[in-house]
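Participant: Build the 3D model from these lines:
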Amino acid sequence: MSTKIAILGAGLVGSAWAIVFARAGYAVSLFDCDAAQSKQALSRVGDNMGELVGFDLLDDAEAALARISIVGSLGEALDGATYAQESVFERSDVKTEFYFEIDKVAGADLVIGSSSSGIPASVFTEGLACAPRCLVAHPINPPYLIPLVEVVPTPWTGDAAVQNCWDIMLAVGMEPVRLTREVDGFIANRLQAVLLWEAFRLLEAGIATAEDIDKTISAGLGRRWTFIGPFETIDLNAPGGLKDYAARLAPGFFELVKQVEPAEPWSDAVIAKADGAMRAHLPLPDQPARQAWRDKRLMALVKHFQEVG
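Facilitator: Sure thing, here's the model as predicted:
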């Protein structure tokens with residue numbers, strides 16, 4: 001496959017995107033303003049690809065790695081590229097400055113997706129010549145193991161750019177969802193924010209330990225959520241489907257929602273309490289090993305889904 005993809009930003013997210021595109025057969029140009037970061041990323045990508053081979057999720061790591069080239073300038077990265085995935089630091093001023101530089105060298109047909117996890121692309125693309133070809137393509141990290149990507153157009157993103165991004169994501173094995181308009185946090189992080197806020201509230205109130213709150217998801221709700229979402233979950237949990245579920249349980253859920261107090265920042269005390277619970281089971285020096293364990297469990301899950309459909 002001769003199509004060239006530019007990966008802009010070589011941190012954890014950018015390097016994971018490089019795997020997604022190289023695995024699918026695309027030529028990848030990897031650029032980071034910090035040359036050392038790019039070299040570290042290539043080493044990390046090689047290690048990750050080797051693990052994928054071990055789970056039969058990649059046939060030839062050497063060939064896939066050879067499709068990734070480190071380049072020394074933004075112009076070189078974008079030269080001849082048909083799509084760029086930007087993954088620079090998640091701060092609006094950083095992205096605004098970076099997109100100003102992109103605008104100087106981007107080709108007339110280049111579509112640019114941002115990995116922004118919550119900042120709408122309109123914040124950092126307004127007024128640029130390339131703005132009609134910019135949008136958010138937000139992954140859940142690492143995207144080579146978790147296929148969701150949120151496609152979020154700005155008010156001025158052209159339909160052709162949205163379709164181009166959508167088609168590319170499908171071509172590389174991602175599972176895109178499209179938002180009809182921008183909203184802070186998009187879908188995934190808005191849902192995650194509500195769950196995390198309630199988890200911290202329960203911990204601060206002394207209702208349960210951090211371990212048991214985690215277990216409620218990992219051994220409970222999360223088991224179903226690995227393959228069906230909240231609407232299908234409740235649709236399957238009542239004989240008459242979702243409408244029947246709502247008739248039976250919506251009043252009770254409403255009473256729970258009414259108990260929710262006005263949102264307040266997580267207190268230093270509850271953060272310390274949650275962090276203490278985590279550190280009791282996982283000292284920080286052991287975190288990389290636990291992260292590797294997590295990713296291998298995700299690889300096993302991906303392989304399972306491939307086998308059972």
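
Participant: contacts and neighbour counts: CA atoms only from here.
Facilitator: Noted.

Participant: Quickly note the distance from A250 to D268.
Facilitator: 34 Å (CA to CA, to the nearest Å).

Participant: which of those two has more neighbours?
Facilitator: A250 (13 against 8; other CA atoms under 10 Å).

Participant: Can you mark which positions in stretch 55-69 are buried?
Facilitator: Buried residues in stretch 55-69, defined by neighbour count with 16 or more other CA atoms under 10 Å: L57, A61, A64, L65, R67, I68, S69.

Participant: Provide a list of residues in contact with the first one.
Facilitator: Read that as L57. By CA atoms under 8 Å, 6 or more residues apart in numbering, the contact set of L57 is M299, K303.

Participant: Check the fourth one too.
Facilitator: Remark: with contacts taken as CA under 8 Å, 6+ apart, L65 is in contact with A22, V45, G46, M49.

Participant: among the residues you listed, which two are most distant?
Facilitator: A22 and G46 (11.4 Å; CA to CA).

Participant: Looking at the two, which has the bigger crowd around it?
Facilitator: The neighbour comparison of A22 against G46 (other CA under 10 Å) goes to A22, with 23 against 17.

Participant: Assign that one to helix, strand or coil.
Facilitator: helix (DSSP: H, G, I helix; E, B strand; the rest coil).

Participant: so it makes contact with A61?
Facilitator: No - here A22 lies out of contact with A61, judged by CA atoms under 8 Å, at a distance of 9.6 Å.

Participant: in the stretch 101-250 of the chain, which spans are helices?
Facilitator: 122-125, 159-171, 188-204, 210-216, 222-225, 230-235, 241-258 (DSSP state H, counting those that start in this stretch).

Participant: quick one, which of these is packed in tightest?
Facilitator: When the helices of the stretch 101-250 of the chain are scored by mean count of other CA atoms under 10 Å, the highest mean neighbour count falls to helix 122-125 (a mean of 19).

Participant: residues making contact with that one?
Facilitator: Contacts of helix 122-125 (CA under 8 Å, 6+ apart): S92, D93, K95, T96, Y99, F100, A131, C134, T154, P155.

Participant: try 7 Å
Facilitator: With contacts defined as CA atoms under 7 Å, 6 or more residues apart in numbering, helix 122-125 is touched by S92, K95, T96, Y99, A131, T154.

Participant: Go ahead and confirm the last one touches D184.
Facilitator: No - here T154 lies out of contact with D184, judged by CA atoms under 7 Å, at a distance of 11.9 Å.

Participant: more crowded one of these two?
Facilitator: Each of T154 and D184 has its neighbours counted (other CA under 10 Å); T154 has more, 23 against 11.

Participant: Got the confidence number for that one?
Facilitator: Per-residue confidence at T154 stands at 98 (pLDDT).

Participant: Tell me which residues touch it, please.
Facilitator: Contacts of T154 (CA under 7 Å, 6+ apart): A121, S122, L135, R181, E182.

Participant: can we see that at 8 Å?
Facilitator: Taking CA under 8 Å, 6+ apart as the test, what T154 contacts is P120, A121, S122, C134, L135, R181, E182.

Participant: Just the buried residues out of those, in PyMOL syntax.
Facilitator: A single PyMOL command selects the buried members of the contacts of T154 (16+ other CA under 10 Å):
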select buried, resi 120+121+122+134+135+182
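
Participant: Mind checking what secondary structure A84 has?
Facilitator: strand.

Participant: now it: how far from E76?
Facilitator: Distance from A84 to E76, by CA to CA: 12 Å.

Participant: Compare the two and say which one has the larger neighbour count.
Facilitator: A84 (24 against 16).

Participant: partner residues bridging the more buried one?
Facilitator: Taking DSSP bridges, one finds A6, I112 as the beta-bridge partners of A84.

Participant: from memory it sits against L78, does it?
Facilitator: Yes - counting by CA under 8 Å, A84 touches L78, with 7.3 Å between them.

Participant: any shared contact partners between those two?
Facilitator: Between them, A84 and L78 share these contacting residues under CA under 8 Å, 6+ apart: A6.

Participant: From what I see, E182 and V152 are in contact.
Facilitator: Yes - E182 lies in contact with V152 (CA under 8 Å); the separation is 6.2 Å.

Participant: what residues are shared contacts of the two?
Facilitator: P120.

Participant: Grab the CA positions of the helix ranked longest in the chain and hand them over as CSV.
Facilitator: Counting residues, the longest helix found in the chain (DSSP state H) is helix 287-308. Only the C-alpha atoms of helix 287-308 are listed here, as CSV (Å, rounded to 0.1, in the frame of the first residue of the first chain):
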residue,chain,number,x,y,z
GLN,A,287,3.6,0.3,37.5
PRO,A,288,5.3,-0.4,34.2
ALA,A,289,5.0,-4.2,34.8
ARG,A,290,1.3,-3.8,35.6
GLN,A,291,0.8,-1.7,32.5
ALA,A,292,2.4,-4.5,30.5
TRP,A,293,0.1,-7.0,32.2
ARG,A,294,-2.9,-4.8,31.3
ASP,A,295,-1.9,-4.6,27.7
LYS,A,296,-1.4,-8.3,27.4
ARG,A,297,-4.9,-8.9,28.9
LEU,A,298,-6.2,-6.5,26.2
MET,A,299,-4.3,-8.5,23.5
ALA,A,300,-5.9,-11.7,24.8
LEU,A,301,-9.3,-10.0,24.7
VAL,A,302,-8.8,-8.7,21.1
LYS,A,303,-7.8,-12.2,20.1
HIS,A,304,-10.9,-13.6,21.8
PHE,A,305,-13.1,-11.2,19.9
GLN,A,306,-11.5,-12.1,16.6
GLU,A,307,-12.2,-15.8,17.3
VAL,A,308,-15.8,-15.6,18.5
